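S.K.: This is a predicted model, with the sequence first.
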Amino acid sequence: MNTLGERIRKLRKEKGLTLEGLAGKELTKGMLSLIENNKANPSMESLTYIAGRLGVDVSSLLEEVNSQELREVLKEAEKLFNTDYTDLRDEHRQLIKLVQPYVPKLTQGYESARLLEMYSDCLYFENLDGWQELSDRAAIIYEKLNLSGRRAAIGIFRAMVKFTEHDYAESLKIFLKERAEIESNYVYIDPMTRVDFDYNEAILYFAVGDYDSAYTVMESAIDYSIENRIFYRIDDLYRLAAGYAMVARDEEKRMYYLNKLKLYMEFTGDTFSKLSYEIMNIENLIMNDRNYEKAIEMIDHHLRTFDTNAIEKFGTWFFLTKGIALYKLGHIEDAVECLNKVHIPSAIHHPIDLTSFYVVDAYKGLCYLELGSLKKAYETAENAVNKINSLPPNLYTEFIYNTYEKIKKVFEVDE
């Protein structure tokens, strides 16, 4: 199959035009060369201009792609795109290379829209330009096909771009605008899309510190899911609700939703839900029961028995909680050794999740204080405070600030 660039070059030579001659005043010779060598994708505006200079219709440049060929490309692209983030190597770059030759011809149909959506997402993940325009093209096709679920996914992605930049207020603003636009344009929103909207809206309200709005949306999503018997994202919602209750220090609600998660876990046998449930149990042992020995016993059990993939996802959290438990038991040097193994996973962006990891520096500071390294204790605790300055308050930020003030007072007296 001739590529777009090859067809343009062939027609240019048939017309006896040089690169400069075809480029005219609207394009540069260099850009046209990149297009002909398939190293750049022209916008529809540029493509229309090139077609006009060549005296042909845009459609003759694009050509129709064989539908079976496009389905095969989509099948391979889905495999690459859906690789678990912990297993990612160069799958995004592979997808870009796979889809790139087809991009100018992706103008209609579900396959075209989905390929554009994944391609644009991968461009974003790889920090490459042009993803917004391609995302817009995918959204337009989905709208023509009346596919509210896929159009909603694009809207959520647009909001989450700002979320990963930790601009939570702007992320919420974009999300609410996208949701309102989609709900006004579609007569019917399928139940799973409705739950997706509610789940992400609750997460973003939590991110900006509007806990009341978050809880209202979250409870609405749980009720809606149960009433419609779809149970989509119900485990995510139970985890979110239990986490909210912990942050709000509402033990009754925390236990209620934790038991709901346990029932779901027992029914489905889902490993991720089981780990989430166990993690929340360990948190309870440390924060409320103060049964540090039992917490360490459970952590060591999970580190021994869970598969490599699960430990890769949750291992750093286990090191953090074990370090905290060891500190509480007075095993200071062992605690420091554990806490030094903690790193914040690159996929963590929510401020509550971030601050739950930022406490590592606060606990390190407390350990250094016990070991008599006052300057190191002060600098480490100060580092924790600097990380949370722009984040909304919660029980983790409160602990970090209190720890810093405690260490600062001792440090200043010693100075």
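M.R.: Great, that's in hand.

S.K.: so which helix or strand takes in Ala139?
M.R.: When elements are defined using DSSP states H and E, Ala139 is found to belong to helix 131-145.

S.K.: what's that helix packed up against?
M.R.: In terms of contact count using 3 or more C-beta pairs under 8 Å, 6 or more residues apart in numbering; DSSP states H and E, helix 131-145 is assigned the packing partners helix 110-125, helix 148-164. Quick note: C-beta positions are derived from backbone N, CA and C, even for glycine.

S.K.: Alpha carbons of it, as CSV, please.
M.R.: These are the backbone C-alpha positions of helix 131-145, laid out as CSV (Å, rounded to 0.1, in the frame of the first residue of the first chain):
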residue,chain,number,x,y,z
TRP,A,131,-2.2,15.0,20.1
GLN,A,132,-5.0,17.6,20.8
GLU,A,133,-5.9,18.0,17.1
LEU,A,134,-6.2,14.2,16.7
SER,A,135,-8.2,13.9,19.9
ASP,A,136,-10.6,16.5,18.5
ARG,A,137,-10.9,14.5,15.2
ALA,A,138,-11.7,11.3,17.1
ALA,A,139,-14.3,13.2,19.2
ILE,A,140,-16.1,14.5,16.1
ILE,A,141,-16.3,11.1,14.6
TYR,A,142,-17.7,9.6,17.9
GLU,A,143,-20.3,12.4,18.0
LYS,A,144,-21.4,11.6,14.4
LEU,A,145,-21.7,7.9,15.4
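
S.K.: gap between that helix and the chain center?
M.R.: Averaging C-alpha coordinates over helix 131-145 and over its chain gives two centres that are 20 Å apart (C-alpha atoms, centre = their mean, to the nearest Å).

S.K.: what angle sits between that helix and helix 148-164?
M.R.: Using axes from the mean of the first three to the mean of the last three C-alpha atoms, to 10 degrees, one finds that helix 131-145 and helix 148-164 are set 160 degrees apart in direction.

S.K.: on that earlier part again, Throw the helices and strands packed on helix 131-145 into CSV and include mean pLDDT, mean neighbour count and distance to Ser171, thanks.
M.R.: Below are the helices and strands packed on helix 131-145 laid out as CSV (pLDDT from 0 to 100; neighbours: other C-beta atoms under 10 Å; distance: least, C-beta to C-beta, whole Å):
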stretch, mean pLDDT, mean neighbour count, distance to Ser171
helix 110-125, 96, 23, 14
helix 148-164, 96, 20, 4
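
S.K.: circling back to that earlier point, ok, and for the helix holding Ala139, which residues are buried?
M.R.: Buried residues in helix 131-145, counting neighbours by 16 or more other C-beta atoms under 10 Å, are found at Trp131, Leu134, Ser135, Arg137, Ala138, Ala139, Ile141, Tyr142, Glu143.

S.K.: wait, which of the residues you listed is closest to Asp90?
M.R.: Top of the list for closeness to Asp90, among these and by C-beta to C-beta, is Trp131 at 17.7 Å.

S.K.: okay, the nearest residue to Leu395 once chain neighbours are set aside: pLDDT?
M.R.: Distance criterion C-beta to C-beta, 6 or more residues apart in numbering; nearest residue to Leu395, sequence neighbours excluded, is Val247 at 5.7 Å. pLDDT recorded at Val247 is 77.

S.K.: next one: Thr86
M.R.: Among the per-residue scores, Thr86 holds a pLDDT of 68.

S.K.: Tell me which helix or strand comes right after the helix or strand of the chain with the lowest mean pLDDT.
M.R.: Averaged element by element with mean pLDDT, DSSP states H and E, the chain has its least confident helix or strand at helix 58-62 (a mean of 72). The element immediately downstream of helix 58-62 (helix or strand, assigned by DSSP H and E) is helix 67-81.

S.K.: Also compute the angle for the helix or strand that comes right after that following helix relative to helix 110-125, please.
M.R.: Reading on from helix 67-81 to the C-terminus, the next helix or strand found by DSSP H and E is helix 91-99. An angle of 140 degrees separates the directions of helix 91-99 and helix 110-125 when computed by the same axes, to 10 degrees.

S.K.: Packing partners of helix 91-99?
M.R.: Packed next to helix 91-99, using 3+ C-beta pairs under 8 Å, 6+ apart, are helix 67-81, helix 110-125.
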